[in-house]
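>>> Dropping a prediction and its sequence here:
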Amino acid sequence: MSRREVTAGVVIIAVAVLTGVLAAGISWLGAATAFEPVPRGDQLGQETGEDFNDYAARATDSLAAAPAEVPVYALLTFTGVLSSAQASEALGSINRVSAVIPDGSAAQPVGEPKASRDRSEQFRFAAGDRIAGAVVRDTGDVLRVVAQDPLIAAAETLPPDAVWGAFGVRQVEVLPR
């Protein structure tokens with residue numbers, strides 16, 4: 001064997017060893033810095049094939065079970081499509097509106113307005129003037145009061161440990177009145 005072949009062999013073995021050490025180090029780092037995934041599985045809205053009256057009853061049960069003074073996420077479904085101004089007024093006492101649901105579309109996240117303004121501008125920007133519902137966050141007591149508004153067809157809550165972005169929101173088909 002020539003000196004050149006021996007050197008090439010040593011280089012190949014050194015590269016293989018370094019690659020193995022690097023792979024082991026990355027694997028160890030990944031295991032050492034792993035974080036707990038956010039639990040997923042909570043859902044708001046009508047289940048496939050679920051009748052609106054059954055959904056409304058299930059939503060009412062979840063609202064009744066919501067803790068009085070602990071904030072929870074809730075889906076508030078309107079009795080019909082509202083303008084952004086009407087939706088803003090109906091949700092005026094809610095501490096946080098996280099998303100609005102345009103008629104026939106997926107939930108659209110919204111920010112909170114400056115202190116001196118109502119939410120209608122944010123709602124209009126996110127959903128136009130055809131809003132079917134909203135995902136909100138407030139205490140069970142506040143949500144139970146808001147649910148009494150004649151513009152609210154159903155109010156469904158999630159458990160207090162639900163995390164924004166880790167639950168699904170399904171469409172609700174409200175029965176015609």
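Good, I have the coordinates. Numbering: from 1, shown residues only.
>>> quick one: the helices in the chain?
Secondary structure of the chain (DSSP state H): helices located at 3-32, 52-65, 84-90, 120-127, 140-146.
>>> now for the ones you listed, which one comes closest to residue 157?
helix 52-65 (4.7 Å; C-beta to C-beta). Backbone N, C-alpha and C define where each C-beta goes, glycine included.
>>> Save the helices of the chain as TSV, and put in mean neighbour count, distance to residue 156 and mean pLDDT too.
TSV is the format used below for those (neighbours: other C-beta atoms under 10 Å; distance: least, C-beta to C-beta, whole Å; pLDDT from 0 to 100):
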stretch	mean neighbour count	distance to residue 156	mean pLDDT
helix 3-32	10	38	77
helix 52-65	16	4	96
helix 84-90	20	16	95
helix 120-127	19	19	92
helix 140-146	18	10	97
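>>> Quick one, grab the pLDDT at residue 1.
On pLDDT, residue 1 comes in at 74.
>>> How many residues are close by it?
By other C-beta atoms under 10 Å, 6 other residues sit near residue 1.
>>> That one and residue 62, how far apart?
Distance of residue 1 to residue 62, computed by C-beta to C-beta, to the nearest Å: 77 Å.
>>> one step back: residue 153 is nearest to which of the helices of the chain?
Nearest to residue 153 among the helices of the chain is helix 52-65; the distance by C-beta to C-beta comes to 7.0 Å.
>>> who does that closest one touch, helix- and strand-wise?
Contacts defined by 3 or more C-beta pairs under 8 Å, 6 or more residues apart in numbering; DSSP states H and E place helix 52-65 against strand 71-82, helix 140-146, strand 152-157.
>>> What helices and strands are in contact with the last one?
By that I understand strand 152-157. helix 52-65, strand 71-82, helix 140-146.
>>> strand partners of that strand, parallel vs antiparallel please.
Using DSSP bridges, strand 152-157 pairs in its sheet with strand 71-82 (antiparallel).
>>> Report the buried residues of the partner strand.
Neighbour counts over strand 71-82 (16 or more other C-beta atoms under 10 Å) mark 71, 72, 73, 74, 75, 76, 77, 78, 79, 81, 82 as buried.
>>> Was I right to think the second one contacts residue 156?
No: applying C-beta atoms under 8 Å as the test, residue 72 and residue 156 come out as separate, 10.2 Å apart.
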